[in-house]
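In: sequence first, then the predicted structure, then my questions.
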Amino acid sequence: MTGLAGVRLAALATGLAFALPGAGSGAPAPARDAHDSVAMWVRYPAAPVALDPAATLGRAIFFDASLSASGKQSCASCHDPAHAYAPADGRAVQPGGPDMDRFGTRAVPSLRYLQFTPRFSRHLAQPDPDGVEDEGPAGGFTRDGAAQTLHEQALLPLLNPVEMANADIDAVAARLRRATYAAPFRKTFGDDIFDHPAAAVARATEALEAFETQDPSFRPYTSKFDAAMSGNARFSPQELRGYTLFNDPKKGNCAKCHVDVPGPGGRPAQFTDYGHVAVGVPRNAEIPANRDPRFVDLGLCGPVRKDLARETAFCGMFKTPTLRNSASRQVFFHNGRFHTLDDVLRFYSERDTNPGKWYPRVGGKLVVFDDLPPRHRGNVDRVDEPFTRKPGDKPVFTDAEIADLAAFLKTLDDGFSTEAGGKAAR
């Protein structure tokens, strides 16, 4: 193990949190990167900020169920602040539509830690020792990266027939005009704003973006990991073992996609590289659309996203999410196939060594990667650990290692309290 992650592990293992000035003093500890430049960690916990008028409106819009055709669904219905802006329940897909009886095809992601998401690119270029390496598609918002900005993303559920189900832009604008915050909306965006429905809706989605980027609850950095990185907490021996597995390229190899080192300017680790990858998650019978065997969700290739339908090498790929707050989720992966962290880790460990545990038999034949058509199953990652093994090989993790890795992942949940010695309110 090399680089900052290895330095951190060595320092943390000695109980120093960081072997640098300021560690354990209550002040942020500076961290030296591979180029020996100094970057400051954000203060733990994050300081509150005042919202500007647009963001204040965005907060009101976020919690306003009257903007839906049913009158029962707001952004917060699926993105609950008390659950890291992810669903509050364990449904694979959430209900919506005019009568709240229709369902989407993808699990709802968290809205936390999206502020550094890059615009979508088909080919992300990363420097490596031999020059520049093409990391493939990366960036964008939603599971398939189709939205380039948060305000583009915010418009999608307002018009989606299985979500807030507005018929068109005019219907959204009419509901905004009747909202309890219509007067401050006019004051912020102009007295005649509702005379221009498209402009009114555009300002509303920009207000949602302002709320999601300004309000600290979308980026609190209050996990035990953040506390440890700033010298305000120490990992337990089990958490340190899990962190080692997380970084070990011959074991979990998690940090390859879920990057755990600071970004530009010393920004805290985001635990994602924003890339898109196909991991061959089994088909989920809990999704109503999957009752039709002809329906398949190809991620970047559609059917939700339309512009990359011909990019067949991308079929089956979905965006790598942040692992922050993942341990407290009740649904995992784009199709919500798994409901516990233990199952997720065992799937990664045994996908290739014991495929019969995860995939069905049809006509007596095992069908691996059954949520993809046969022609696209070659896109599934079989190159990177832990996906290089064969049936009958030893799984990458033992039961004890799964427990260790889970213990580390739980340190990424926000709400850790150094004063109470444990979790605070989320």
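Out: Received, thanks. Numbering: from 1, shown residues only.
In: Asn335 contacts Gly280, doesn't it?
Out: No: assessed by Cβ atoms under 8 Å, Asn335 is found out of contact with Gly280, at 11.4 Å. C-beta coordinates here come from the backbone N, C-alpha and C atoms, glycine included.
In: anything in contact with each of the two?
Out: Residues touching both Asn335 and Gly280 (Cβ atoms under 8 Å, 6 or more residues apart in numbering) are Asp371.
In: residues of stretch 292-311 that come out buried?
Out: For stretch 292-311, a neighbour-count test (16 or more other Cβ atoms under 10 Å) marks 296-302, 304-305, 308 as buried.
In: out of those, who's nearest Gly96?
Out: Relative to Gly96, the closest of the buried residues of stretch 292-311 is Val304; by Cβ to Cβ it sits at 14.6 Å.
In: name the nearest residue to the closest one, sequence neighbours excluded.
Out: Using Cβ to Cβ, 6 or more residues apart in numbering and skipping the chain neighbours, the partner closest in space to Val304 is Asp144 (6.1 Å).
In: so the one you found is in contact with Lys319, correct?
Out: Yes: Asp144 lies in contact with Lys319 (Cβ under 8 Å); the separation is 6.9 Å.
In: what is in contact with these two at once?
Out: Common contacts of Asp144 and Lys319 (Cβ under 8 Å, 6+ apart): His276.
In: and the contacts of the helix or strand where Pro157 lies?
Out: In the assignment (DSSP states H and E), Pro157 maps to helix 150-159. Residues outside helix 150-159 that contact it (Cβ under 8 Å, 6+ apart): 67, 75, 78, 96, 114, 141-142, 147, 163-164, 166, 168-169, 172, 201-202, 204-206, 208-209, 212-213.
In: now swap in stretch 134-143 and tell me
Out: Identification of contacts with stretch 134-143 by Cβ under 8 Å, 6+ apart yields 106, 109, 114, 117-126, 145-150, 152-153, 156, 273-277, 299-300, 304, 314, 317-319, 334.
In: what about the helices in the stretch 201-350 of the chain?
Out: Taking DSSP state H, counting those that start in this stretch, the helices of the stretch 201-350 of the chain run over residues 224-229, 237-247, 341-350.
In: buried stuff in the shortest one?
Out: Neighbour counts over helix 224-229 (16+ other Cβ under 10 Å) mark 224-229 as buried.
In: restricting to C-alpha, output that helix in PDB.
Out: Only the C-alpha atoms of helix 224-229 are listed here, as PDB (Å, rounded to 0.1, in the frame of the first residue of the first chain):
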ATOM      1  CA  LYS A 224     -16.000   9.000  12.700                       C
ATOM      2  CA  PHE A 225     -13.700   8.800   9.600                       C
ATOM      3  CA  ASP A 226     -13.700  12.600   9.400                       C
ATOM      4  CA  ALA A 227     -13.200  12.900  13.100                       C
ATOM      5  CA  ALA A 228     -10.200  10.500  13.000                       C
ATOM      6  CA  MET A 229      -8.700  12.300  10.000                       C
END
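In: now it: average pLDDT?
Out: Mean pLDDT, taken over the full extent of helix 224-229, equals 95.
In: got the buried residues for stretch 54-65?
Out: So stretch 54-65, judged by 16+ other Cβ under 10 Å, has buried residues 54-59, 61-62, 64.
In: taking those one by one, which sit in strands?
Out: Of the buried residues of stretch 54-65, none are assigned to strands by DSSP state E.
In: out of these, which is nearest to Lys390?
Out: Checking the buried residues of stretch 54-65 against Lys390 by Cβ to Cβ gives Phe62 as the nearest, at 47.8 Å.
In: from the buried residues of stretch 292-311, pick the one nearest Asp343.
Out: Nearest to Asp343, judged by Cβ to Cβ, of the buried residues of stretch 292-311 is Asp297 at 20.0 Å.
In: any idea of the mean pLDDT in stretch 388-407?
Out: 97.
In: show me where this structure has its strands.
Out: Using DSSP E, the strands of the chain run over residues 30-32, 38-40, 95-96, 102-103, 125-128, 131-134, 276-277, 318-319, 361-362, 365-366, 416-417, 422-423.
In: ChimeraX command to pick out the buried ones of the contacts of helix 150-159?
Out: Of the contacts of helix 150-159, the buried ones can be selected in ChimeraX as follows, counting by 16+ other Cβ under 10 Å:
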select :67,75,78,96,114,141,142,147,163,164,166,169,172,201,202,204,205,206,208,209,212
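In: got the contact list for the residue nearest to Val304?
Out: 276, 299-300, 304-305, 318-319.
In: ok, the closest residue in space to Phe271 that isn't next to it in sequence - how many residues close by?
Out: Once flanking residues are discounted, Phe271 sits nearest to Leu323: 4.2 Å by Cβ to Cβ, 6+ apart. Neighbours of Leu323 under the rule other Cβ atoms under 10 Å: 25.
In: so Leu323 sits against Asp413, correct?
Out: No: using Cβ under 8 Å, Leu323 is not in contact with Asp413, being 10.0 Å away.
In: what's the spacing between Lys250 and Val259?
Out: In this view, Lys250 and Val259 are 18 Å apart by Cβ to Cβ, to the nearest Å.
In: the more surrounded of those two?
Out: The neighbour comparison of Lys250 against Val259 (other Cβ under 10 Å) goes to Val259, with 20 against 11.
In: quote the end-to-end distance of stretch 90-98.
Out: Terminal residues of stretch 90-98 are spaced 22 Å apart (Cα to Cα, to the nearest Å).
In: and the residue most central in space within the chain, what does it touch?
Out: Residue closest to the average C-alpha location in the chain (Cα atoms, centre = their mean): Pro321, at 3.1 Å. Pro321 sits next to 109-110, 272 when contact means Cβ under 8 Å, 6+ apart.
In: again, only using 10 Å
Out: Listed by Cβ atoms under 10 Å, 6 or more residues apart in numbering, the contact set of Pro321 reads 86, 109-110, 113-114, 143, 257-258, 271-272, 274, 329, 332-334.
In: phi and psi next, for it.
Out: The phi and psi values for Pro321, taken as degrees, to the nearest 10, are phi -80, psi 160.
In: with Asp297 instead?
Out: For Asp297, the backbone dihedrals (degrees, to the nearest 10) come out as phi -100, psi 110.
In: leaving out chain neighbours, which residue sits closest to it?
Out: The shortest distance from Asp297 to any non-neighbouring residue, by Cβ to Cβ, 6+ apart, is to Thr105 (5.5 Å).
In: low-confidence regions, the stretch 101-250 of the chain specifically.
Out: Applying pLDDT under 70 to the stretch 101-250 of the chain flags residues 125-133.
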